[in-house]
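> Got a predicted structure here, sequence first:
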Amino acid sequence: MPLHALLAVLLLAAPALAQSPPRLLGLGAEGGDFHARLSDGRVLRGADLVGATLRFDAAEIRIDSARRDAAVPAAPLGGKADDVWLFELSARPPGGEWGAFCAPDPAGERIALVVPEPGGSFSLTCSAGAVGKCIRMGYRPWANLPDGRSLAPFHAACVNLLRAAYGEPDRAWTRDGTPVDVYDRVGIQSAESDPAQSFEAGWTPGGAVCLAHPRIPENGALLAVIVAAPRLAGLTGPEACTEERAAALGALVFNRSRQP
């Protein structure tokens with residue numbers, strides 16, 4: 001779950017600031033980075049904040065390292081985004097000990113990302129979860145496509161896709177580690193050619209617009225999905241749900257997975 005920031009104090013570890021530390025005037029997000037305004041006129045971002053401790057209402061968060069993610073794709077195809085930062089954070093609850101803020105992701109890294117929120121606030125999420133994974137795929141919810149469309153709906157659709165939240169965002173129909181091929185029609189992610197995979201579904205912020213086959217090969221899985229998401233009745237099966245039909249129904253992102 002993202003941690004919503006209700007910041008009280010920013011403490012800087014630099015010895016030069018220990019005698020007369022500046023006051024924090026504001027802390028927010030600038031794209032996928034922190035934006036800290038200090039009373040001495042400085043604005044700190046990214047690597048400037050390594051060693052800082054953020055004191056929230058329920059915990060202290062220490063920024064142990066920061067680097068720009070150089071591998072995030074951006075539209076058009078082939079471009080790279082430069083506004084996603086990866087932070088290693090430690091957390092300490094009141095009266096507790098320091099520990100890693102994030103669980104390991106598939107690469108074994110414990111990476112946190114900053115997500116801007118309405119009203120100037122922000123949340124923190126981890127690269128092990130769907131929200132962070134979709135940002136690193138290029139679906140940065142604060143950014144726009146070249147034609148001006150917001151990527152926020154694409155990000156929400158991607159989160160539903162990774163969770164296999166066919167009918168409602170809070171119910172997932174997948175298992176950790178299940179491989180999927182994510183792609184779109186705006187040039188951020190392209191489909192891979194894997195004969196073992198076939199079209200599964202097209203996705204919006206509300207879930208799947210149709211379902212060619214369920215991701216998990218269990219007997220009765222398709223029926224269970226329809227019972228849980230009755231709006232998909234008549235929109236299931238490989239004939240009723242093709243990529244073209246999903247696009248016509250408003251899908252923003254698509255995926256392929258192994259056919260049960």
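Looks like it arrived, so ask away.

> Name the residues of stretch 21-33 that are buried.
Applying a neighbour-count criterion of 16 or more other C-beta atoms under 10 Å, one finds 21-22, 24, 27-33 buried in stretch 21-33. C-beta here means a position set from N, CA and C on the backbone, and glycine is covered the same way.

> which ones among those residues are found in strands?
Among the buried residues of stretch 21-33, DSSP state E puts 24, 27-30, 33 in strands.

> about what we covered before: kindly indicate which of the buried residues of stretch 21-33 lies nearest P230.
Distances from P230 to these, taken as C-beta to C-beta, are shortest for G32 (37.4 Å).

> So what sits opposite that closest one in the bridge?
Residues in a beta bridge with G32, per DSSP bridges, are V84.

> quick one: pLDDT of it?
In this prediction, G32 carries a pLDDT score of 96.

> does it really touch V114, like I thought?
Yes: at 5.4 Å, G32 counts as touching V114 under the criterion of C-beta atoms under 8 Å.

> So which of the buried residues of stretch 21-33 is the closest to D48?
D33 (9.9 Å).

> Ramachandran coordinates for the nearest residue to Q197 once chain neighbours are set aside?
Leaving aside its chain neighbours, Q197 sits nearest to R256 (4.1 Å; criterion: C-beta to C-beta, 6 or more residues apart in numbering). Backbone geometry at R256, expressed as degrees, to the nearest 10, gives phi -120, psi 150.

> What residues does R256 make contact with?
Residues near R256 by C-beta atoms under 8 Å, 6 or more residues apart in numbering: 180-181, 183, 191-192, 194, 197-200.

> Then P104?
P104 neighbours (C-beta under 8 Å, 6+ apart): 110, 128.

> any chance of the ones in strands among the buried residues of stretch 21-33 in TSV, with distance to G207 too?
Output for those, formatted as TSV (distance: C-beta to C-beta, whole Å):
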residue	distance to G207
L24	40
L27	34
G28	31
A29	27
E30	31
D33	31
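
> quick one: the helices in the stretch 51-200 of the chain?
Assignment of helices within the stretch 51-200 of the chain using DSSP state H, counting those that start in this stretch yields the ranges 130-137, 152-163.

> Strands along the stretch 151-260 of the chain, start to end?
Remark: strands assigned in the stretch 151-260 of the chain by DSSP state E, counting those that start in this stretch are 181-184, 197-204, 207-211, 253-258.

> Same list (those) but as JSON lines, adding distance to C241 and mean pLDDT.
Formatted as JSON lines, the strands of the stretch 151-260 of the chain follow (distance: least, C-beta to C-beta, whole Å; pLDDT from 0 to 100):
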{"stretch": "strand 181-184", "distance to C241": "16", "mean pLDDT": "98"}
{"stretch": "strand 197-204", "distance to C241": "7", "mean pLDDT": "97"}
{"stretch": "strand 207-211", "distance to C241": "4", "mean pLDDT": "96"}
{"stretch": "strand 253-258", "distance to C241": "11", "mean pLDDT": "96"}
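
> Looking at those, which is nearest to P73?
Closest to P73 of the strands of the stretch 151-260 of the chain, according to C-beta to C-beta: strand 181-184, at 10.5 Å.

> May I have the strands that pair with the closest one, each with its orientation?
Going by DSSP bridges, the partners of strand 181-184 are strand 253-258 (antiparallel).

> Need the residues touching each of G32 and V114.
Residues touching both G32 and V114 (C-beta under 8 Å, 6+ apart) are W85.

> Now mean neighbour count and distance to A143 too, for the helices of the stretch 51-200 of the chain, in TSV please.
Below are the helices of the stretch 51-200 of the chain laid out as TSV (neighbours: other C-beta atoms under 10 Å; distance: least, C-beta to C-beta, whole Å):
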stretch	mean neighbour count	distance to A143
helix 130-137	22	10
helix 152-163	23	9
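
> Good, wrapping up.
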